[in-house]
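Enquirer: Predicted coordinates and the sequence they were generated for:
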Amino acid sequence: MLWSGWGDPARATPLPEPMVGLLRDMLGVRPAEAPPVALADIAVAGTRLSGDDLTALAGIVGDGNVRADAETRVRHTRGKSTPDLLRIRAGDTSDTPDAIVLPGSHEEVLAVLEACSERRVAVVPFGGGTSVVGGLAPRLAGGGPRAFVALDLRRMDRLVSLDEVSRTAVLQPGLRGPAAEALLNERGYTLGHFPQSYEWASIGGFAAARSSGQASAGYGRFDDMVAGLTVATPEGTLDLGRAPKSAAGPDLRQLVLGSEGALGVITSVRVRVHPVPEAREYEGWRFASFAGGAAALRRLAQDGPAPAVLRLSDEAETMVGLADPAAIGGGSSAAGCLAVLGFEGTPAQVAARRAAAADVLRGAGGEPLGAGPGEKWRHGRFDAPYLRDSLLDVGAFVETLETAAFWSDLPALYEAVRNALIGTLSGAGTPPLVMCHISHVYPSGASLYFTVVSAQGKDPVEHWDRAKRAANDAIAGAGGTISHHHGVGTDHRDWYAREIGPLGAAVLRAVKDRVDPAGILNPGVLVPPAAGE
């Protein structure tokens with residue numbers, strides 16, 4: 001992956017001129033004053049690990065699987081949020097790991113955790129490196145770990161087994177999304193999990209962050225797909241998931257899902273799989289307003305038929321054309337709000353579901369736009385992160401945040417977050433463009449995914465930090481969850497503590513203390529500190 005941006009550098013393309021003009025005229029965007037620092041010019045502090053530390057780790061995973069060179073350390077620095085990218089482009093390596101360790105098995109992970117516990121070295125699991133909430137930047141407080149290693153799981157990349165009777169597969173955590181899908185497709189199956197980070201994120205990361213894919217309306221979130229987990233902790237192994245469902249006490253799988261490496265390292269995942277669908281068809285619909293379109297999505301989510309893909313852009317996102325990155329800046333032929341639906345199954349199933357959904361959407365005031373908008377979204381659905389790199393190159397700031405709430409709370413949540421972002425960023429002298437879409441729906445509620453574009457200004461990281469805090473406060477005040485699928489990391493930790501309350505935070509700390517008494521697992525991430533810490 002590009003060290004200072006997203007994905008394959010060969011896929012990066014400059015912005016179309018209409019978009020550059022739109023940014024200049026609407027938002028006052030101007031080219032950045034200085035180009036990004038070259039990788040060869042980035043200065044990295046010396047490792048805090050001793051020669052004995054490195055030798056001990058190499059004795060576990062092999063000499064070639066412990067790396068402390070500058071380039072490898074830079075490539076494992078932080079995640080892929082916009083502040084992460086701006087900081088690394090400026091040469092800021094303050095969160096650079098002291099070494100990268102690449103284990104090849106569950107047993108090696110256990111041994112690494114034991115060694116690091118004894119040596120007071122923090123361990124941060126690293127899959128695809130796509131965290132956007134500070135999940136890869138631990139906080140090394142006084143008296144705690146003295147250094148940290150990134151535990152890169154790329155060597156653990158196998159399809160371990162496929163149970164065609166139960167329709168489950170056991171996958172190792174370092175498998176990236178496309179590789180996992182290819183291995184399953186060879187056997188006639190699909191996982192059906194395609195988040196925005198699909199090209200680079202890993203199976204372990206999907207589980208650790210409770211990922212949600214673009215086809216969640218049909219296949220569910222990743223945590224819905226997980227039937228079992230194996231987890232390495234400094235205190236031993238957790239093997240979870242003996243049956244699809246159980247009444248044998250609380251489900252500890254749910255404790256590990258979303259734990260972001262703070263409670264253990266996921267070393268294998270048993271997932272539910274599905275036969276590869278014979279047909280996939282996508283289409284677009286237009287609604288006069290976001291509220292009207294949301295009501296239509298709610299009817300489909302509650303009464304069916306539920307498409308595999310179901311998303312709705314608000315007026316601003318539709319106007320800019322964000323659902324079709326190739327047309328950015330040229331506007332949309334569909335005024336109002338664009339909805340995209342995707343149907344999967346046999347040809348007969350797809351035809352029946354499309355017809356039934358069309359009856360619901362027409363009854364809710366929708367106007368069919370045909371296959372064009374849906375197919376454009378389908379073919380460009382992984383392009384948005386590449387677009388962000390191009391926006392940063394011309395001096396624009398672009399970032400996303402997401403939340404979720406019950407249907408009855410969604411309108412107030414939408415307005416609260418928009419007002420917080422617009423008010424904060426406009427006050428900084430950089431009027432923003434705030435866009436939103438619904439992309440994950442349930443019978444009882446849905447998610448809201450916001451995209452914000454503005455000029456970078458003199459200090460874009462601080463500029464965004466204030467806006468993000470205001471948006472987080474608005475989410476908490478309007479009854480939303482602090483994250484639907486990006487996770488907690490360090491960015492959301494304080495608001496997560498408010499969400500679960502003091503007793504909930506104390507329960508989580510108690511679990512952390514039991515499985516990780518030395519406090520080496522991703523310190524400062526997810527788990528709220530006790531008062532005074």
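Expert: Here it is on my side, so go on.
Enquirer: Unless I misread the structure, Asp224 falls within a helix.
Expert: Yes. Applying DSSP: H, G, I helix; E, B strand; the rest coil, one finds Asp224 inside a helix.
Enquirer: Based on its surroundings, how many neighbours for it?
Expert: 14 (other C-beta atoms under 10 Å). C-betas here are computed from N, CA, C, even on glycine.
Enquirer: Can you tell me how far it is from Leu22?
Expert: Separation of Asp224 from Leu22 (C-beta to C-beta, to the nearest Å) stands at 39 Å.
Enquirer: quick one: contacts for Asp393?
Expert: Contacts of Asp393 were listed using C-beta atoms under 8 Å, 6 or more residues apart in numbering, and they are Pro14, Leu15, Ala32.
Enquirer: before we move on, what about Asp223?
Expert: Remark: with contacts taken as C-beta under 8 Å, 6+ apart, Asp223 is in contact with Ala207, Arg210, Gln254, Leu257, Gly258.
Enquirer: Grab the two from those that are most spread out in space.
Expert: Farthest apart among the contacts of Asp223 by C-beta to C-beta are Ala207 and Gln254. That separation is 11.1 Å.
Enquirer: Per-residue pLDDT of the residue lying closest to Asp95 once chain neighbours are set aside, please?
Expert: Distances taken as C-beta to C-beta, 6 or more residues apart in numbering place Ala137 nearest to Asp95, at 4.2 Å, with adjacent residues excluded. Ala137 is assigned a predicted lDDT (pLDDT) of 94.
Enquirer: Quick check: Ala137 touching Arg78?
Expert: Yes. Applying C-beta atoms under 8 Å, one finds Ala137 in contact with Arg78, separated by 5.1 Å.
Enquirer: Now for those two: what residues contact both?
Expert: Residues touching both Ala137 and Arg78 by C-beta under 8 Å, 6+ apart: Asp84, Asp95.
Enquirer: Outside of the host helix or strand of Tyr496 itself, which residues are in contact with it?
Expert: Element membership for Tyr496, per DSSP states H and E: helix 493-515. If you take C-beta under 8 Å, 6+ apart as the criterion, helix 493-515 is touched by 233-235, 238, 255, 262-264, 472-473, 475-476, 481-483, 488, 519, 521, 524-530.
Enquirer: In PyMOL, how would I select just the buried ones from these?
Expert: In PyMOL, this line selects whichever of those come out buried by 16 or more other C-beta atoms under 10 Å:
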select buried, resi 233+234+235+238+255+262+263+264+472+475+476+481+482+483+488+519+521+524+525+526+527+528
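Enquirer: I'd like to know which of the contacts of helix 493-515 are part of helices.
Expert: Of the contacts of helix 493-515, the ones assigned to helices by DSSP state H are Leu255, Asn472, Asp473, Ile475, Ala476.
Enquirer: can you name the two of the residues you listed that are farthest apart?
Expert: Leu255 and Asp473, at 27.9 Å, using C-beta to C-beta across those.
Enquirer: With just CA atoms, put the helix holding Tyr496 into PDB.
Expert: Provided in PDB are the C-alpha atoms of helix 493-515 (Å, rounded to 0.1, in the frame of the first residue of the first chain):
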ATOM      1  CA  ARG A 493     -12.500   6.200  23.500                       C
ATOM      2  CA  ASP A 494     -13.700   9.000  25.700                       C
ATOM      3  CA  TRP A 495     -17.100   9.100  24.000                       C
ATOM      4  CA  TYR A 496     -17.300   5.300  24.100                       C
ATOM      5  CA  ALA A 497     -16.800   5.500  27.900                       C
ATOM      6  CA  ARG A 498     -19.800   7.900  28.100                       C
ATOM      7  CA  GLU A 499     -21.800   5.500  26.000                       C
ATOM      8  CA  ILE A 500     -21.300   2.400  28.200                       C
ATOM      9  CA  GLY A 501     -21.200   4.300  31.500                       C
ATOM     10  CA  PRO A 502     -18.900   4.100  34.500                       C
ATOM     11  CA  LEU A 503     -19.900   0.500  35.400                       C
ATOM     12  CA  GLY A 504     -19.500  -0.700  31.800                       C
ATOM     13  CA  ALA A 505     -16.100   0.900  31.600                       C
ATOM     14  CA  ALA A 506     -15.100  -0.800  34.900                       C
ATOM     15  CA  VAL A 507     -16.200  -4.200  33.600                       C
ATOM     16  CA  LEU A 508     -14.100  -3.800  30.400                       C
ATOM     17  CA  ARG A 509     -11.100  -2.800  32.500                       C
ATOM     18  CA  ALA A 510     -11.500  -5.800  34.700                       C
ATOM     19  CA  VAL A 511     -11.500  -8.100  31.600                       C
ATOM     20  CA  LYS A 512      -8.400  -6.300  30.300                       C
ATOM     21  CA  ASP A 513      -6.600  -6.700  33.600                       C
ATOM     22  CA  ARG A 514      -7.300 -10.500  33.600                       C
ATOM     23  CA  VAL A 515      -6.200 -11.300  30.100                       C
END
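Enquirer: roughly how far is that helix from the heart of the chain?
Expert: Put simply, helix 493-515 sits 22 Å off its chain's centre (C-alpha atoms, centre = their mean, to the nearest Å).
Enquirer: Next, the buried residues of it.
Expert: Arg493, Asp494, Trp495, Tyr496, Ala497, Glu499, Ala505, Leu508, Lys512, Val515.
Enquirer: Can you lay out these as a markdown table showing distance to Gly46 and pLDDT?
Expert: As requested, the buried residues of helix 493-515 are exported to a markdown table (distance: C-beta to C-beta, whole Å; pLDDT from 0 to 100):
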| residue | distance to Gly46 | pLDDT |
| --- | --- | --- |
| Arg493 | 29 | 97 |
| Asp494 | 32 | 97 |
| Trp495 | 36 | 98 |
| Tyr496 | 34 | 98 |
| Ala497 | 35 | 97 |
| Glu499 | 40 | 98 |
| Ala505 | 36 | 97 |
| Leu508 | 35 | 97 |
| Lys512 | 30 | 98 |
| Val515 | 32 | 98 |
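Enquirer: Tell me where the stretch 251-400 of the chain has helices.
Expert: Ranges of helices in the stretch 251-400 of the chain, per DSSP state H, counting those that start in this stretch, are 253-256, 290-303, 315-320, 347-363, 371-380, 384-393.
Enquirer: what does the average pLDDT come to for the shortest one?
Expert: Predicted confidence along helix 253-256 averages 96 (mean pLDDT).
Enquirer: try stretch 384-403
Expert: 92.
Enquirer: again, but for stretch 144-151
Expert: 96.
Enquirer: how far is that stretch from where the chain is centred?
Expert: A distance of 23 Å separates the centroid of the chain from that of stretch 144-151, by C-alpha atoms, centre = their mean.
Enquirer: same thing with stretch 174-189?
Expert: Chain-centre distance of stretch 174-189: 19 Å, with C-alpha atoms, centre = their mean.
Enquirer: what does stretch 108-118 give?
Expert: Mean-position distance between stretch 108-118 and its chain equals 27 Å (C-alpha atoms, centre = their mean).
Enquirer: Going by secondary structure, Val149 is in what exactly?
Expert: When elements are assigned from DSSP H and E, Val149 belongs to strand 147-152.
Enquirer: Which strands or helices does that strand pack on?
Expert: strand 99-101, helix 106-119, strand 121-126 (3 or more C-beta pairs under 8 Å, 6 or more residues apart in numbering; DSSP states H and E).
Enquirer: and that strand with strand 121-126, angle?
Expert: Angle of strand 147-152 versus strand 121-126, following axes from the mean of the first three to the mean of the last three C-alpha atoms, to 10 degrees, is 30 degrees.
Enquirer: Name the residues that touch strand 147-152?
Expert: The contact list for strand 147-152 (C-beta under 8 Å, 6+ apart) reads 47-49, 53, 57, 76, 97-103, 109, 112, 116, 120-126, 136, 138, 140, 174, 265.
Enquirer: Next SSE downstream of that strand?
Expert: Moving toward the C-terminus from strand 147-152, the next helix or strand (DSSP H and E) is strand 159-163.
Enquirer: Just the C-alpha atoms of that next one, please, in PDB.
Expert: The C-alpha coordinates for strand 159-163 follow below in PDB (Å, rounded to 0.1, in the frame of the first residue of the first chain):
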ATOM      1  CA  LEU A 159      -8.100 -20.800   4.200                       C
ATOM      2  CA  VAL A 160      -7.700 -23.400   6.900                       C
ATOM      3  CA  SER A 161     -10.800 -25.400   6.200                       C
ATOM      4  CA  LEU A 162     -14.200 -25.300   4.500                       C
ATOM      5  CA  ASP A 163     -17.200 -27.100   5.900                       C
END
